[in-house]
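>>> How does the following fold in three dimensions:
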Amino acid sequence: MSVRPHTKWSLSVGIGVIGALIVTLVVLAFLWPSKTAGAHDVPLGIVGSADAVAAFEDALDASAPGVFDLTEASDRDAAVAQIEERHTYGAIVLNEAPNAPEVLTAPAASTAVSQQLGGLAAQLQAQLSAQVAAAGGDADAVTVAVTPIVPLSADDPNGTGLTAAAFPLTMGGMIGGIVISLLVVGVIRRLVALGGFAVASGLILSLVLHTWFGFVPGDYATIALVIGISVLGTSALIVGFTALIGTPGVAAGAILTMLVGNPISGAALPWQFLAQPWGAIGQYFVPGASSTLLRSVAYFPAADTSAQWLTLAAWAAGGILLALAGHFRSRAAIRVPASTLEAEAPAPAPAPA
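Numbering: from 1, shown residues only. As a prediction, this is how the structure comes out:
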């Protein structure tokens, strides 16, 4: 029986330090976005006369500089359309006196932004009450209304379920890719396994998130398609990397998805809250595109989702192409040209009888 020699002391210490550095990197990847997050340039609609809008912009720049990026709308209906199409996270309607301003919110887009707009409504209410009281009127007679244009599902009133669903989708895609890479042999068989995994995941997970839990409202078939292409984007990437570079491809795909794409996905907070340009870049990774697409099809059917569909399709197609490239490269590597083979010696002639 052979006995393995003891590891050198220096190598033992080095492995421990490297392990600690890896853990630190993982922790930083997940906590850094939360540490550096802060609202800036959040799209917000505004309706009102030119003078009223200019005065509001000046007041907003003084109280919350750089937080909101105002987009003018012709009237309240236009502001509502901007929210439903996900061009803005809410709107301020500066009605003519004696009518009070109205604050439009979209909790389904972001509870964090809706809470900020609620605070903004309180400030407007305080200013309006002071003005009415100074004029000798009843300060409680006029109220700034806060109207949720796109509320969250009654089964998920705080949006925690929809936010929490983003991480299992990412992890599920990774697990599927790893299992297929390690247990399935043959490029065509791997592609068939990927297709079956994506279809089954879409149907089963949408049954849980949509039908059972009620976290994701909307059309069941569309939600199943979103989930299916989301997990396919991650799993195909891991399978492709593995086919191209071997077992290290599993780690490469996991790092790219979990440590790079997931922290900057904007699943928990709007991507405008993340340090730029990482928030915008995150929308072109699978976790960011899938979380944005799932929220849009669930609550914002009028929104343009072509960018997210194309992003997920591109990742899935890229993974499949990598798998095919790795397969054909391996075949070329094991093919032995006939010119390099030694000629066989002729068979000896039979001895004469």
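>>> got the contact list for residue 37?
When contacts are counted by CB atoms under 8 Å, 6 or more residues apart in numbering, residue 37 touches 269, 273-275. C-beta coordinates here come from the backbone N, C-alpha and C atoms, glycine included.
>>> Can you lay out the residues you listed as JSON lines showing pLDDT and secondary structure?
Below are these laid out as JSON lines (pLDDT from 0 to 100; DSSP: H, G, I helix; E, B strand; the rest coil):
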{"residue": "269", "pLDDT": "87", "secondary structure": "coil"}
{"residue": "273", "pLDDT": "90", "secondary structure": "helix"}
{"residue": "274", "pLDDT": "89", "secondary structure": "coil"}
{"residue": "275", "pLDDT": "84", "secondary structure": "coil"}
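>>> For those residues, which PyMOL command selects only the ones that are buried?
Written as a PyMOL command, the selection of buried residues from these, which uses 16 or more other CB atoms under 10 Å, is:
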select buried, resi 269+273+274
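>>> For the contacts of residue 37, give me a markdown table that also has distance to residue 238.
Shown next, in a markdown table, are the contacts of residue 37 (distance: CB to CB, whole Å):
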| residue | distance to residue 238 |
| --- | --- |
| 269 | 27 |
| 273 | 29 |
| 274 | 25 |
| 275 | 28 |
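>>> how about the helices in the chain?
Listed in chain order, the helices of the chain (DSSP state H) span residues 9-36, 50-63, 76-84, 111-134, 160-183, 187-206, 220-245, 248-254, 278-282, 286-299, 306-334.
>>> Please list all residues in contact with the spatially most central residue of the chain.
Nearest to the geometric centre of the chain sits residue 288, at 2.0 Å (CA atoms, centre = their mean). Residues in contact with residue 288, defined by CB under 8 Å, 6+ apart, are 261, 264-267, 271, 282.
>>> what's the answer for residue 92, then?
Taking CB under 8 Å, 6+ apart as the definition, contacts of residue 92 comprise 44-48, 56, 101-104, 120, 124.
>>> and if we set it to 7 Å?
Applying CB atoms under 7 Å, 6 or more residues apart in numbering, we find residue 92 in contact with 44, 46, 56, 101, 103.
>>> again, but for residue 240
Contact partners of residue 240, counting by CB under 7 Å, 6+ apart, are 318-323, 326.
>>> Of the contacts of residue 92, which pair is most distant in space?
Among the contacts of residue 92, the pair separated by the greatest distance (CB to CB) is 44 and 101, at 13.2 Å.
>>> Of the two, give the one with the bigger neighbour count.
Neighbour count, other CB atoms under 10 Å: between residue 44 and residue 101, residue 44 has more, with 25 against 21.
>>> from what I can see the more buried one touches residue 83, true?
No: Residue 44 lies out of contact with residue 83 (CB atoms under 7 Å); the separation is 9.8 Å.
>>> where do the contact lists of these two overlap?
90-91.
>>> Could you list the buried residues of stretch 251-267?
Buried residues in stretch 251-267 (16+ other CB under 10 Å): 252-254, 256-258, 260-267.
>>> for the residues you listed, which one is nearest residue 88?
In terms of CB to CB, no member of the buried residues of stretch 251-267 lies closer to residue 88 than residue 266, at 16.0 Å.
>>> how close does that closest one get to residue 309?
17 Å (CB to CB, to the nearest Å).
>>> With residue 157 instead?
According to CB to CB, residue 157 and residue 309 sit 29 Å apart.
>>> so who does residue 199 touch?
With contact taken as CB under 7 Å, 6+ apart, residue 199 is in contact with residue 228.
>>> What pLDDT does the model give it?
pLDDT recorded at residue 199 is 97.
>>> same check, this time on the one 3 residues further on
Residue 202 carries a pLDDT value of 96.
>>> How about residue 353?
The model's pLDDT for residue 353 equals 50.
>>> likewise residue 243?
At residue 243, the model reports a pLDDT of 93.
>>> next one: residue 74
The per-residue pLDDT reported for residue 74 equals 94.
>>> Count residues in the vicinity of the closest residue to it other than its chain neighbours, would you?
Excluding the flanking residues, the one nearest residue 74 by CB to CB, 6 or more residues apart in numbering is residue 47, at 7.5 Å. Close neighbours of residue 47, defined as other CB under 10 Å, add up to 24.
>>> looking at it, residue 47 is touching residue 94, isn't it?
Yes: between residue 47 and residue 94 there is a contact under CB under 7 Å: 6.4 Å.
>>> can you tell me how far residue 60 sits from residue 126?
15 Å.
>>> And for residue 61?
18 Å.
>>> Just the closest of the contacts of residue 92 to residue 294, please.
Nearest to residue 294 among the contacts of residue 92: residue 44, at 23.4 Å, using CB to CB.
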